[in-house]
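Asks: Below is the structure, and that's it, no one-letter string:
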């Protein structure tokens, strides 16, 4: 058997360095958080401490009225007209996905804008902060909550992402065509 040459050892060292390079790069990235995206993707508060829609203290149960849709629910406090218009515009900006989203305005005394479902609080819940907005999934669970001064573009981006990640089932599209 022939003895190893310095050239062969150099090739082996280069090969080992080449194969271990991804591990070294990954370690540096993990330790110094370089090139790693931030862990959160939603702009709102994920899974806020809010009960399911069916448990909200509303004069009329809203869950059956918005069943199967994503819901953009908002408390209509001091800025009711402004918020109603803001969320109506966001709903219109969803384009072809707009029919998959219902708007639920809770509170307020004025007429609802087109397409909004209006509910009234029987009693003000302890978890409620005035002028908040929530995104509720088709099962009635609150998945995102936003502060009163939330950026509508951020809410729209989150809602579009949720709709894209949860495509409409084919049988739901047939129901939509049949007029539900």
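Replies: Sure, I can see it. Every value quoted in this text rests on a predicted model; they were computed, and no experiment measured them.
Asks: Please parse the chain into its domains.
Replies: Per automatic domain parsing, the domain ranges recorded for the chain read 1-36, 45-177.
Asks: what helix or strand does residue 157 sit in?
Replies: According to DSSP states H and E, residue 157 maps onto helix 152-165.
Asks: what does the model give the most centrally placed residue in the chain for pLDDT?
Replies: The chain has residue 158 as the residue nearest its centroid, 4.1 Å off, counting by C-alpha atoms, centre = their mean. According to the prediction, residue 158 has pLDDT 92.
Asks: How about the contacts made by it?
Replies: 42, 43, 44, 135, 144 (C-beta atoms under 8 Å, 6 or more residues apart in numbering). Where you see a C-beta, it was placed from the backbone N, CA and C, and this is true even at glycine.
Asks: Can you lay out these as TSV showing pLDDT, distance to residue 119 and neighbour count?
Replies: Output for these, formatted as TSV (pLDDT from 0 to 100; distance: C-beta to C-beta, whole Å; neighbours: other C-beta atoms under 10 Å):
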residue	pLDDT	distance to residue 119	neighbour count
42	79	25	17
43	82	25	16
44	84	21	20
135	94	16	21
144	93	19	23
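Asks: now, the most widely separated pair of the residues you listed?
Replies: 43 and 135 (10.6 Å; C-beta to C-beta).
Asks: between these two, what contacts are shared?
Replies: Residues within reach of residue 43 and of residue 135 at once, by C-beta under 8 Å, 6+ apart, are 155, 158.
Asks: where in the protein is pLDDT low?
Replies: 1-4, 37-40, 64, 169-180 (pLDDT under 70).
Asks: mind redoing it with 50?
Replies: Low-confidence segments of the chain (pLDDT under 50): 174-180.
Asks: Helices along that one, start to end?
Replies: Counting by DSSP state H, the chain has these helices, from start to end: 6-32, 80-93, 152-165, 170-177.
Asks: Of the ones you listed, give the one that comes closest to residue 56.
Replies: That would be helix 80-93 among the helices of the chain, by C-beta to C-beta, at 17.4 Å.
Asks: Check what contacts that closest one and list those residues.
Replies: Residues outside helix 80-93 that contact it (C-beta under 8 Å, 6+ apart): 72, 74, 76-77, 98, 101, 103, 105, 107-110, 112-116, 131, 133, 152, 155-156, 159.
Asks: Check the offset of it from the chain's centre.
Replies: Computed by C-alpha atoms, centre = their mean, to the nearest Å, the chain-centroid distance of helix 80-93 equals 18 Å.
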